[in-house]
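Asker: give me the fold of what follows.
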Amino acid sequence: MSNDHIYKQFDTELEQVRSRVLQMGGLVEDQVTKAIEALNTCDSELADEVIADDHRVNALELLIDEECTQIIARRQPTAGDLRLIMTVEKIITDLERIGDKAEKIARMAKKICTPDRLSTPRFTEIKHMSDAVLEMVRASLDAFARLDIHAATQLKRQDLEVDEEFDSVLRHLITFMMEDPRMISTAIDILFAAKALERIGDHAKNIASYVVYMAKGMDVRHASMEEMERKVAE
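Answerer: Residues are numbered from 1 along each chain as shown. Take a look at the predicted model:
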């Protein structure tokens, strides 16, 4: 078998893995979208759909992980190709965790919206936060698809804003509970959903940081905003 043929097969395998990551990302994005909608509209059937589909995310993670293992064993990639495989391994872990958080939000939606609750809960506190987090997920996947290293700094900035939103939600819910102690249980459930959203933002930020590693071989996950901007510009 000629070296050219081997190289073409290798390129095909790498492209297949990359495509599967985007497939998994699309599924995870859909899970997050549905979970947020289920929470905001008290749609129990939609929440059930999110919970039932979580196994699809897990299955894709296992499939991609096995494909990466096979590529390393057969091809022994180096340099940029090895960084691509390592990046994929990291990204699918964060995607799987995003899927888990979407499932948690769906479960909280089912719990919050049961008929025996004293009153309809208020979701206005987390509406803006959920929109921002969903945009972060989309932007991180787009950064991977286009190898956009500058998206990492933007997503880090957005993550800080989401953290501030979470703190605001926490303050609002504490006030809510103090005003009406009967709503403590509901408020705590909303807080769990908000925390899941905040963690999704963290994972989306990580994904964009991995893109910088894939492109430039630099780990910027724990870099400050100034350090990240400097490294990306190098």
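Asker: name the helices or strands packed onto the helix ranked longest in the chain?
Answerer: When the chain is parsed with DSSP state H, its longest helix is helix 3-41. Judged by 3 or more Cβ pairs under 8 Å, 6 or more residues apart in numbering; DSSP states H and E, the packing partners of helix 3-41 are helix 44-75, helix 79-112, helix 124-146, helix 184-216. Using the backbone N, CA and C atoms, a C-beta is placed for each residue, glycine as well.
Asker: quick one: the next helix or strand after the last one to helix 184-216, angle?
Answerer: By that I understand helix 184-216. Using DSSP states H and E, the helix or strand that follows helix 184-216 in sequence is helix 225-233. Counting by axes from the mean of the first three to the mean of the last three Cα atoms, to 10 degrees, helix 225-233 lies at 30 degrees to helix 184-216.
Asker: could I get the buried residue list for helix 225-233?
Answerer: Buried residues in helix 225-233, defined by neighbour count with 16 or more other Cβ atoms under 10 Å: 228-229, 231-232.
Asker: average pLDDT for the longest helix of the chain, rounded please.
Answerer: Predicted confidence along helix 3-41 averages 88 (mean pLDDT).
Asker: may I have the phi/psi pair for the closest residue to Met228 other than its chain neighbours?
Answerer: Closest residue to Met228 apart from its sequence neighbours, by Cβ to Cβ, 6 or more residues apart in numbering: Val220 at 4.8 Å. As for Val220, its main-chain torsions (degrees, to the nearest 10) stand at phi -110, psi 20.
Asker: distance from the helix or strand of the chain with the lowest mean pLDDT to the middle of the chain?
Answerer: Lowest by mean pLDDT, DSSP states H and E among the helices and strands of the chain is helix 225-233, with a mean of 78. How far helix 225-233 lies from its chain's middle: 22 Å, per Cα atoms, centre = their mean, to the nearest Å.
Asker: same question for stretch 99-106.
Answerer: Distance, stretch centre to chain centre, for stretch 99-106: 10 Å (Cα atoms, centre = their mean).
Asker: what's the closest non-adjacent residue to Met218?
Answerer: Nearest non-adjacent residue to Met218 (Cβ to Cβ, 6+ apart): Lys231, at 5.2 Å.
Asker: right, and the one you found touches Ala223 too?
Answerer: Yes: using Cβ atoms under 8 Å, Lys231 is in contact with Ala223, at 6.5 Å.
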